[in-house]
Structures are given as C-alpha cells and as structure tokens.
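Peer 1: Quick one, structure for this:
(one chain, ligands or ions: 1)
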Amino acid sequence: MVTGDPRPDAVGILGLGMYAPERVVDNHWMEGIVDTSDEWIVTRTGIRERRFAAAEDATSDLATRAAQAAMADAGVGPEDVDLIICARVIGDMMFPATAALVQRNLGARRAAAYDVVGGCSGWVYALHQARGMIAAGLYRRVLVIGAEVLSRILDFQDRSTCVLLGDAAGAVVLGPVPQGQGILSSHLGCDGNLWELMYLPGGGSRRPASHETVEQRLHYFRMNGRETYRHAVQVMEEASQVALREAGLTVADVDLFVPHQANLRIMQAVGRRLGLDDARIMVTVDRYGNTSSASIPVALEEARAAGRLERGSVALLVSFGTGLAWGAAVVRW
Ligand code: ACO
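Peer 2: Numbers count the residues shown, from 1 in each chain. So this is what the prediction gives:
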C-alpha cells in the first residue's frame, strides 16, 4: 500500500498483454465429439475456432504470461506492482486465490492479491475496483487480469455448451494518467434473480463434490442459452448507455466497441440497438470463442495489434455473464 501519495488526476491503462494457448481447436474437431456442424456453430455464434490450454497449464499459468506481457508493455517490474486482481470463473483450485499464485510466479512480493469471481463480467468488475482504489490513493500500480481455462469445465456430452468456450488470458497494468485520459467512466450491475441462466452446480457448499455429483455431471458448465441471449442484449445496451452518459459522451464519440465476446449475433444486436455500425465492433469470438473474463482484455490487445486503438481513441467496453452480472467502461486510449 502506498501512503501519502497524492490522488491522481485520472486512472488509465499503462500496459496491456495477452496469452493464448497454442492448441487451436476448430469446429470440425467438435464435429467428431458431439452432433454438431461447423455451419451451425458459425451461423449461430460466429465461432470458428477456440484455444485449449496444454494439459499441464492451469489458470495461473495463463494469467502469469498475460501479466508479464502487460508489465513489459508498461515498463513495470515485479516490485512496482501494489495489487493483483485476477478475474476468473475457474481458478487453479477452490482456494487459495489464483492471484496469489500469480503473485508468486511474478515475484511481486509487495503486492496484495485476490480473485474476482464475476463470470464473464469479472474483468470489468476488477477494472472498476482497481480504478476506484487508485483514484482514492490506496495503490499506484494494479495488475488487472482476466484468465480462464474453461475447457476443463466443458461437458463434451452437451453440444449446446461445449462448442462455445475457450481458454485465454488478458491483463492490464492500471495506474495514474493525466486528466482527460484513461478510464472516463465505469459502471456495474447485477440481477441475482437470474443466477440459473449459467452456473456450475457441483463442488461448492451447496453440492459438495461426491461420487454422486460426479456421476450426475454436476461439475460442468450449464446454461440456458436462449434466455441468456435475450437478457444479454438488453443489459449490454443499458450498461453501455449509462457508461457513455457518465463519461459525458455519445455513441457518435465511440471509435471502437469492445463487447464481451460470447456470440457475434449478440454483439451485432447490441451494436444495432446503440446505433453502432458493424465496422466499429471489435470481433475476436471467431478465433477464440467465449473466453469469459479474458475476453475483453484479449480483444483490446488484438485491437491494438491491428492498429484499431490509437492514442486518443475512445473505446466502449461492455460485458455480461453469470450472476447475471454486467459492466461497462469508457476508456480514452
Ligand atoms: N450444434 C447443432 N445443434 C445445436 C447445437 C450445436 N452445437 N447446440 C444446440 N443445438 C440445437 C438445439 O438442440 C436446438 O434443437 P431443437 O430445435 O431440435 O431443440 C436448436 O439447435 C436451437 O437451439 P437454441 O438453443 O434455441 O439455439 P440458439 O439459436 O438460441 O443458439 C446459443 C444457441 C448459441 C447458445 C445462443 O442461445 C447463445 O449464444 N446464447 C447466449 C450464450 C452466452 O452468451 N453465454 C455467455 C455466458 S458463458 C459464461 O458465463 C462462462
């Protein structure tokens, strides 16, 4: 913790990085596992391929590689990091926090570390927290990571879910930036009444792991896709509007729309509702599938690499996911 430091004028992204596993799993591979087709998956979701992590890698391994890339980009060493927040659905273990393992891997001895379990919105939740803590003068350099090895919770007997998810990690280093730059607004929300849209029933305190829970396949991801779709479009539009309003901007000011990459049709439907043409929507779901809390930082890094984020660009980030939890942020690059 930093004491006595002045409160910064604004908080922004000092460095950005990602890591994607080498193994590419295309839709034709899925055709050999479940009764599906490349045509169905592409038409309904926009997904063409996703990555699956190597057997020896867990969430903290992917998270560490993304964090190292972000730190190198920011020019920040392990001793400079004050706090590590790791957003994830599936950590290495139930506890300790995956962020603690990342802290060890990085040698970031000074850093506090904890996880945010906010589903696909976890990274935006973590961004909002880190922004607030830096703005309050509590910390100066915060690693905000989104990392997932979702392939480990896929039910390969359920074609409606196993084709959707993939593994990846993305990270940013947040810190003080000059007034008018960085995160201009951030906004979060949740409707816990909708928790049954997406969940993993087994292994927690309600249904502890047992032979029975394993036999009933309760340790796999479950989802009501159609209902999730309907709510996703609505909450993403509303959250985007709130974040833009709080930033004092309109849709016309947005250079790049970076939504959670779950389904191309959802992204385009939100874009249409907001009045954003497809050309301004960042799409990575075709190559990575839904990587949950990693999806937005990965999309940001891909956007930057493609020259779609330049100094001064305004990016609108918006997510939705299990909870049902959502979040949005407006960032001036
Ligand atoms: N291949 C072929 N057919 C399939 C597949 C598949 N992989 N999956 C489902 N189907 C079939 C269904 O069985 C159904 O057949 P039926 O009509 O004979 O019963 C038919 O396709 C239509 O099924 P729907 O579920 O109605 O299809 P829909 O058009 O809604 O698309 C999808 C399904 C892609 C899941 C969509 O609803 C969606 O994307 N929802 C949002 C999911 C999401 O974004 N989740 C994010 C959170 S993930 C997280 O939190 C980690």
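
Peer 1: For A329, give me phi and psi.
Peer 2: With angles defined as degrees, to the nearest 10, A329 sits at phi -150, psi 150.

Peer 1: how about the residue lying closest to it once chain neighbours are set aside, secondary structure?
Peer 2: Using Cβ to Cβ, 6 or more residues apart in numbering and skipping residues adjacent in sequence, the residue nearest A329 is S186, 4.1 Å away. In this view, the C-beta of every residue, glycine as well, is placed from N, C-alpha and C. Here S186 is recorded as strand under DSSP: H, G, I helix; E, B strand; the rest coil.

Peer 1: residue closest to the middle of this protein?
Peer 2: Centroid check for the chain by Cα atoms, centre = their mean gives S293 as the closest residue, at 2.4 Å.

Peer 1: give me the number of residues near the closest residue to T250 other than its chain neighbours?
Peer 2: Ranked by Cβ to Cβ, 6+ apart and with sequence neighbours excluded, the top spatial neighbour of T250 is L244, at 6.2 Å. Using other Cβ atoms under 10 Å, L244 has 23 other residues around it.

Peer 1: coming back round to it: what's the separation between the residue nearest to A329 and S121?
Peer 2: From S186 across to S121, the span is 12 Å (Cβ to Cβ, to the nearest Å).

Peer 1: Identify the residues contacting the closest residue to V42 other than its chain neighbours.
Peer 2: Leaving aside its chain neighbours, V42 sits nearest to R48 (6.1 Å; criterion: Cβ to Cβ, 6+ apart). Going by Cβ atoms under 8 Å, 6 or more residues apart in numbering, R48 touches D26, N27, D38, I41, V42, D286, R287.

Peer 1: could you dump those to TSV with pLDDT, secondary structure and distance to A232?
Peer 2: Shown next, in TSV, are those (pLDDT from 0 to 100; DSSP: H, G, I helix; E, B strand; the rest coil; distance: Cβ to Cβ, whole Å):
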residue	pLDDT	secondary structure	distance to A232
D26	98	strand	25
N27	98	helix	22
D38	98	helix	24
I41	98	helix	18
V42	98	helix	19
D286	98	helix	18
R287	98	helix	20
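
Peer 1: out of the residues you listed, who has the most neighbours?
Peer 2: The most neighbours of any of those, using other Cβ under 10 Å, belong to I41, which has 22 neighbours.

Peer 1: show me what contacts that one?
Peer 2: Applying Cβ under 8 Å, 6+ apart, the residues contacting I41 are N27, M30, I47, R48, V163.

Peer 1: so the third one sits in a helix?
Peer 2: Just to be clear, that refers to I47. No: counting by three-state DSSP, I47 falls outside a helix, being coil.

Peer 1: Can you give me the neighbour number for it?
Peer 2: Neighbours of I47 using other Cβ under 10 Å come to 26.

Peer 1: isn't it right up against V283?
Peer 2: No: the criterion here is Cβ atoms under 8 Å, and I47 misses it with V283 at 10.6 Å.

Peer 1: and for these two, which residues touch both?
Peer 2: Residues touching both I47 and V283 (Cβ under 8 Å, 6+ apart) are L264.

Peer 1: thinking again about what came up before, which of S186 and S121 has more residues huddled nearby?
Peer 2: Using other Cβ under 10 Å as the criterion, S186 and S121 rank with S121 on top: 31 against 24.

Peer 1: and the more buried one, which of the three is it?
Peer 2: helix.

Peer 1: Contacts only, for it.
Peer 2: Per Cβ under 8 Å, 6+ apart, neighbours of S121: L188, H260, S293, S319, F320, G321, G323, A325, W326, G327.

Peer 1: And the residues you listed, which is closest to E79?
Peer 2: Nearest to E79 among the contacts of S121 is S293, at 26.3 Å by Cβ to Cβ.

Peer 1: Show the contacting residues for the residue of the stretch 101-250 of the chain at minimum distance from the ligand.
Peer 2: Closest residue of the stretch 101-250 of the chain to the ligand, Cβ to the nearest ligand atom: G225 (2.9 Å). G225 makes contacts with S160, T161, as judged by Cβ under 8 Å, 6+ apart.

Peer 1: One more: R222?
Peer 2: The contact partners of R222, by Cβ under 8 Å, 6+ apart, come to D155, D158, T161, M198, Y199, L200, P201.

Peer 1: and those residues, which of them are in strands?
Peer 2: If you go by DSSP state E, those have M198, Y199 in strands.

Peer 1: Intersect the contacts of R222 with the contacts of the ligand.
Peer 2: M198 (Cβ under 6 Å from any ligand atom).

Peer 1: Now the terminal residues of stretch 282-299, how far apart.
Peer 2: Taking Cα to Cα, to the nearest Å, stretch 282-299 runs 7 Å from one end to the other.

Peer 1: Over to stretch 76-89?
Peer 2: Stretch 76-89: ends 27 Å apart by Cα to Cα.
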